[in-house]
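In: sequence and predicted structure below; questions after.
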Number of protein chains: 2
Amino acid sequence: MSPMPPMNPTASFSDRLSAAIRDRKTPACVGLDPRRDALPATFAGTATLEPKELAATFARFCCEVIDVVAPLVPIVKPQLACFEGLGPHGMTALAEVISHAREKRLLVLADGKRGDIGSTAEAYADGWLAGPWAADALTVNPYLGLDAVDPFVKTAHERGAGIFILVKTSNPGSRDFQDLVSGDCTIFEHVAAGVEQLAHRTADGGRYGAVGAVVGATWPRQLDTLRATMPHAWILVPGFGKQGGRAADVRGAFHADGLGALVVSARDVIFAHSRPEMNAGLSDAQWQTAVERACRDMIERLAADTPAGKL
Amino acid sequence: MSPMPPMNPTASFSDRLSAAIRDRKTPACVGLDPRRDALPATFAGTATLEPKELAATFARFCCEVIDVVAPLVPIVKPQLACFEGLGPHGMTALAEVISHAREKRLLVLADGKRGDIGSTAEAYADGWLAGPWAADALTVNPYLGLDAVDPFVKTAHERGAGIFILVKTSNPGSRDFQDLVSGDCTIFEHVAAGVEQLAHRTADGGRYGAVGAVVGATWPRQLDTLRATMPHAWILVPGFGKQGGRAADVRGAFHADGLGALVVSARDVIFAHSRPEMNAGLSDAQWQTAVERACRDMIERLAADTPAGKL
């Protein structure tokens, strides 16, 4: 493996992400969503652990997943809720996981779906993208409007970080409000127009800006359209694997050169020890081998069925 | 002051909130939004503090604010971003603040505007409303749809907690998506219809459900309409004071008996030491007296100009 690009604060998130994707030759992103009841058998006894001990277990599990996937993928996406749900100890564990991922030269996308107004949004942006959490990117919820998104955009752009704004989420209930039609398009298309504007504004003449979009793998048709209407935006595509999306479904998120999309799989990879097609012949202690198999399987499927094969 | 109702997990959030409001005779909610550059002079030197020390300072400041306001108001609203922005140490400080507020028999509304899908939403809901954070209520973002809100509703209803769903936020940019018209009403009215349905469903035949709404004090006309369309929902009204809302502006959020609304002031109360009309004759060390004056001033203004005067 060639060395990863350095964490260069003068390089844009987009440039760092492109370089990392080209280096690993895949847009696969591993979601770090630790769950008490899904850990490998070697982490036994989690059912009765107190939050402090469970948080330490989550940190150990995620760091050991990172050790496996760091040579294979450009970026990991810790799910903040899984850590936050354990209280302050969970947040300490999260900081350890982020730190370990950076040591292993992975980019880190903090999946918090944060959103607030004015100086409150600044506090989130500073904390995640410029301050103690030291993530490379953060997911952001657009419901509060573009002035609420601005502090995230500003901090991301200034600090060589990125944000991914929720456009069309993978769940069936995304229809409730995101699909409502206003004027000649849906609410999520209105949001997408805002994303493209911000992406273009922060691209500084380059291909992609500091602002990307989240579009679920469960909506292949919308991915096609949104790729066209947001040419300057990276598209983060969750919902691959367990949530129902297949490689062919996410094809539309890519540009022809294989860039422009990040495809996330979480449980299918990190809990691969419980997938019969991944754990064949393995002992409980070999759960990391199942993770590696599942990660390579995802990478191969993306290469076979999407423009990522050209990377 | 009569004793506060016990933290009875068998009582609904709505019943506990109503009892606390009647006991204090005010719907005033103090927002705990600590900011490095706005603390009283007695917390000197914050400009150079590292996150760990600043977090400890935030905890001390908020706990001392709580000591002042606990006899006066029913509930406090910590702004999660202010703590989260400091990293894991900030979250530890937040847990101390919540714990101190509960010891002082205040209800605690965690302002996190969280939102995610499925088991991720469950992790947030469990952590904040049933688990280690032990808040009484949480603010929730509706962009992802009603199936994403459901885990919050379920946990809140089962655990005697509450949620407040963003409907129409106080910022000008709330017009961008919330005010778009689809069919015969705006997006925020579509969300409000969902809130009323959930509030009614969780009211168990009572007056209010476990699900409330957030509507900014900057939109008095919309508050009038939304009060009528969400009869079973508590309305949380931020934006009072610094953000421009006056007591007369929030009148519409109340039912005639003075219940149904919670009105938030944050900076105007907690940073009252910097308001000339509140700090007259006080030394730096007497900043808590300014907080008390500002809190009483808010309570009086609400009593004079809204149905809260009937409490």
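Out: Good, I have the coordinates.
In: show me the shaky parts of the stretch 201-311 of chain A.
Out: A:242-245 (pLDDT under 70).
In: try it again at 90.
Out: A:239-246 (pLDDT under 90).
In: just the strands in it please.
Out: Applying DSSP state E, counting those that start in this stretch to the stretch 201-311 of chain A gives strands spanning A:211-215, A:235-237, A:261-265.
In: can you tell me which of these is most buried?
Out: Of all the strands of the stretch 201-311 of chain A, strand A:211-215 has the most neighbours on average by mean count of other C-beta atoms under 10 Å in any protein chain shown, namely a mean of 31. For glycine as for every other residue, the C-beta is placed from the backbone atoms N, C-alpha and C.
In: quick one: list the elements packing against it.
Out: strand A:162-168, helix A:187-201, helix A:220-229, strand A:235-237 (3 or more C-beta pairs under 8 Å, 6 or more residues apart in numbering or on different chains; DSSP states H and E).
In: what's the closest of the strands of the stretch 201-311 of chain A to B:D67?
Out: strand A:211-215 (42.4 Å; C-beta to C-beta).
In: give me the contact list for the closest one.
Out: Strand A:211-215 is touched from outside by A:137, A:139, A:153, A:156, A:162-169, A:192, A:195, A:198-199, A:202, A:222-223, A:226, A:230, A:233-238, A:253, with contacts defined as C-beta atoms under 8 Å, 6 or more residues apart in numbering or on different chains.
In: let's see it at 7 Å
Out: A:139, A:153, A:162-169, A:192, A:195, A:198-199, A:202, A:222-223, A:226, A:230, A:233-238, A:253 (C-beta atoms under 7 Å, 6 or more residues apart in numbering or on different chains).
In: now swap in stretch A:238-256 and tell me
Out: A:170, A:214-218, A:220, A:223-224, A:227, A:235, A:237, A:260-261, A:263-265, A:267-268, A:301-302, A:304-308.
In: residues in contact with A:V291?
Out: With C-beta under 7 Å, 6+ apart, A:V291 has these contacts: A:V65, A:V68, A:V69, A:V269, A:I270, A:A272.
In: and these, which two are the farthest apart?
Out: A:V69 and A:A272 (10.8 Å).
In: residues in contact with the residue of the stretch 151-300 of chain A found nearest chain B?
Out: Going by C-beta to the nearest C-beta, chain B is nearest to A:G173 of the stretch 151-300 of chain A, at 3.0 Å. Counting by C-beta under 7 Å, 6+ apart, A:G173 touches B:L144, B:G145, B:L146, B:D147, B:A148.
In: secondary structure class for the residue most central in space within chain A?
Out: Per C-alpha atoms, centre = their mean, the C-alpha nearest to the average position across chain A is that of A:K77, at 4.1 Å. Look at A:K77: counting by DSSP: H, G, I helix; E, B strand; the rest coil, its state is strand.
In: and A:A110, by the same measure?
Out: Once three-state DSSP is applied, A:A110 turns out strand.
In: which non-adjacent residue is nearest it?
Out: A:A135 (3.9 Å; C-beta to C-beta, 6 or more residues apart in numbering or on different chains).
In: pull the contacting residues for that neighbour.
Out: Here A:A135 is in contact with A:I98, A:V108, A:L109, A:A110, A:W128, A:L129 (C-beta under 7 Å, 6+ apart).
In: A:T48: neighbour count?
Out: Other residues within reach of A:T48, judged by other C-beta atoms under 10 Å in any protein chain shown, total 7.
In: returning to that earlier point: which one of the strands of the stretch 201-311 of chain A lies nearest to B:E53?
Out: Among the strands of the stretch 201-311 of chain A, strand A:211-215 sits nearest to B:E53 (C-beta to C-beta), with 33.7 Å.
In: which residues touch the closest residue to A:H200 other than its chain neighbours?
Out: Nearest residue to A:H200, sequence neighbours excluded (C-beta to C-beta, 6+ apart): A:H232, at 4.6 Å. For A:H232, the contact set (C-beta under 7 Å, 6+ apart) comprises A:E196, A:A199, A:H200, A:A203, A:Y208, A:G209.
In: beta partners of A:K77?
Out: A:G31 (DSSP bridges).
In: quick check: it touching A:V264?
Out: Yes - the pair A:K77 / A:V264 is scored as a contact, 5.8 Å apart, by C-beta atoms under 7 Å.
In: what touches both of the two?
Out: Joint contacts of A:K77 and A:V264 (C-beta under 7 Å, 6+ apart) are A:C29, A:G31.
In: next, count neighbours for A:E53.
Out: A:E53 has 14 nearby residues by other C-beta under 10 Å.
In: who are the packing partners of the helix or strand containing it?
Out: Element membership of A:E53, judged by DSSP states H and E, is helix A:51-69. Contact partners of helix A:51-69 among helices and strands, from 3 or more C-beta pairs under 7 Å, 6 or more residues apart in numbering or on different chains; DSSP states H and E: strand A:28-32, helix A:88-103, helix A:287-305.
In: pick the most buried one from these.
Out: With a mean of 27, the top stretch among the helices and strands packed on helix A:51-69 by mean neighbour count (mean count of other C-beta under 10 Å) is strand A:28-32.
In: where's it relative to the chain centroid, distance-wise?
Out: Relative to its parent chain, strand A:28-32 has a centroid offset of 6 Å by C-alpha atoms, centre = their mean, to the nearest Å.
In: list the contacts of it.
Out: Here strand A:28-32 has contacts from A:62, A:65, A:69, A:73, A:75-79, A:97, A:109, A:262-266, A:269-270, A:295, A:298-299, A:302, using C-beta under 7 Å, 6+ apart.
In: can you rerun that using 8 Å?
Out: A:62, A:65-66, A:69, A:72-79, A:82, A:97, A:109, A:111, A:236, A:238, A:262-267, A:269-270, A:295, A:298-299, A:302.
In: save the helices and strands packed on helix A:51-69 as JSON lines, and put in distance to B:R102 too.
Out: Compiled in JSON lines, those are given as follows (distance: least, C-beta to C-beta, whole Å):
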{"stretch": "strand A:28-32", "distance to B:R102": "32"}
{"stretch": "helix A:88-103", "distance to B:R102": "15"}
{"stretch": "helix A:287-305", "distance to B:R102": "40"}
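In: neighbours of A:A280, how many?
Out: Quick note: A:A280 (other C-beta under 10 Å) scores 9 neighbours.
In: ok, A:F152 next?
Out: Neighbour tally, A:F152, other C-beta under 10 Å: 29.
In: what do you get for A:I270?
Out: Quick note: A:I270 (other C-beta under 10 Å) scores 30 neighbours.
In: measure it to B:V181 for me?
Out: According to C-beta to C-beta, to the nearest Å, A:I270 stands 43 Å off from B:V181.
In: what does A:V30 give?
Out: 41 Å.
In: now A:H190
Out: Distance from A:H190 to B:V181, by C-beta to C-beta: 11 Å.
In: what is in contact with those two at once?
Out: Between them, A:H190 and B:V181 share the contacting residues A:S182, judged by C-beta under 8 Å, 6+ apart.
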